[in-house]
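>>> I'll drop the sequence and a predicted model, then ask my questions.
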Amino acid sequence: MPTVLDLFCGAGGLAEGFRQAGYRILGGVDYSAPAIETFEANIPGAVGVLADLRNPDLDDFEKRFAGVDVIVGGPSCQGFSTSGGLSKSSGRDHSDPRNRLFINYTDIVDRLQPSWIVFENVPGLLLYENGKVALQIVQAFREIGYELVPMILLAADYGVPQLRRRLVFVGNRTNSDISLPAPTHGDVNLWKGFSLPFAHLSRIGHGREEGLLSHVTFADACSDLPKVAEGKEIDSKAYRAKPKTDYQREMRVAPKSCASTPPPICLYSIA
């Protein structure tokens with residue numbers, strides 16, 4: 001069974017995806033203690049490491065995770081976010097240390113030498129400094145022996161009820177072919193009339209191909225949930241109605257670590 005190390009692991013979202021795909025998660029690394037606690041609760045058997053990846057202890061990582069097959073990670077993207085007021089052409093805030101985190105990522109990859117790597121960030125990174133930032137990332141990995149391919153993926157194309165795009169770099173040092181993951185869902189009218197940058201790197205806008213399921217909508221996912229008043233919450237409340245869609249039925253399947261079936265509702269409304 002191939003093994004995975006999750007850098008900048010947070011609560012373990014990337015690791016959980018790999019776990020569901022049949023990989024064994026060795027561990028996760030993050031600077032946040034609550035994140036590490038949550039990661040270990042979400043990924044039983046994995047080792048959570050509380051560490052500042054701006055100054056990684058490479059010797060310790062090698063002792064813990066030598067021989068790992070895949071390293072995944074999503075370095076902090078605030079330094080590249082368009083919400084900060086920086087223009088796409090002028091690029092990022094060069095004083096922001098978060099913009100150098102991918103270099104720390106390459107240092108760890110270079111020391112551990114996994115066969116494959118996955119590097120995830122915001123789609124806007126491809127536009128910064130007229131694409132120079134993305135080229136720097138590709139070149140940095142190439143210098144340590146990895147060929148990298150960028151792709152923009154839309155969560156809705158894989159059954160997630162969210163129109164969320166992410167930039168994903170996938171690379172390896174084995175000279176293996178790298179291809180886009182085949183979508184399971186689609187919507188022929190989703191991007192009708194729009195001109196999308198880097199469309200050739202992306203599955204988004206491909207339309208509803210034969211054999212694909214329709215995108216899961218918010219109503220498909222959440223129409224069975226009770227209303228929550230503004231600023232209020234519902235904690236551990238049982239469902240009052242039967243699930244109405246396939247997605248709702250799937251979400252009610254309790255994980256092995258959960259004693260109740262189906263798992264209780266925990267909802268929060270932000271005031």
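Looks like it arrived, so ask away. Numbering: from 1, shown residues only.
>>> mind listing what the residue in the chain sticking out farthest from the centre touches?
Distance to the chain centre peaks in the chain at residue 240, reaching 32.4 Å (criterion: CA atoms, centre = their mean). The contact partners of residue 240, by CB atoms under 8 Å, 6 or more residues apart in numbering, come to residue 226. (Glycine included, C-beta is placed from N, CA and C.)
>>> and it, what element?
Residue 240 is part of no helix or strand when elements are defined by DSSP states H and E.
>>> Can you pull the phi/psi pair for it?
phi -100, psi -10 (degrees, to the nearest 10).
>>> Distance of it relative to residue 39?
33 Å (CB to CB, to the nearest Å).
>>> Kindly report the same for residue 49.
9 Å.
>>> Quick check: neighbours shared by the two?
28, 30.
>>> The two: which is more packed in?
The neighbour count for residue 49 versus residue 39, taken as other CB atoms under 10 Å, is higher for residue 39 (27 against 21).
>>> Doesn't that one belong to a strand?
No: assessed with DSSP: H, G, I helix; E, B strand; the rest coil, residue 39 is helix; it does not lie in a strand.
>>> how near is it to residue 215?
29 Å.
>>> same question, residue 73
With distances taken as CB to CB, residue 73 is found 28 Å from residue 215.
>>> who has more neighbours, the two?
Counted by other CB under 10 Å, residue 73 and residue 215 do not tie: residue 73 has more neighbours, with 24 against 21.
>>> Excluding chain neighbours, what is closest to the more buried one?
residue 7 (3.6 Å; CB to CB, 6 or more residues apart in numbering).
>>> residues near that neighbour, how many?
By other CB under 10 Å, 26 other residues sit near residue 7.
>>> ok, it - contacts?
By CB under 8 Å, 6+ apart, the contact list for residue 7 reads 28-29, 53, 71-73, 75, 105, 108.
>>> Phi and psi next, for it.
Residue torsions, per degrees, to the nearest 10, at residue 7 are phi -90, psi 150.
>>> how far is stretch 15-26 from where the chain is centred?
In this view, stretch 15-26 has its centroid 13 Å away from the chain centroid, taken as CA atoms, centre = their mean, to the nearest Å.
>>> The residue farthest from the centre of the chain and residue 46: what is the separation?
Relative to residue 46, residue 240 is positioned 36 Å away (CB to CB).
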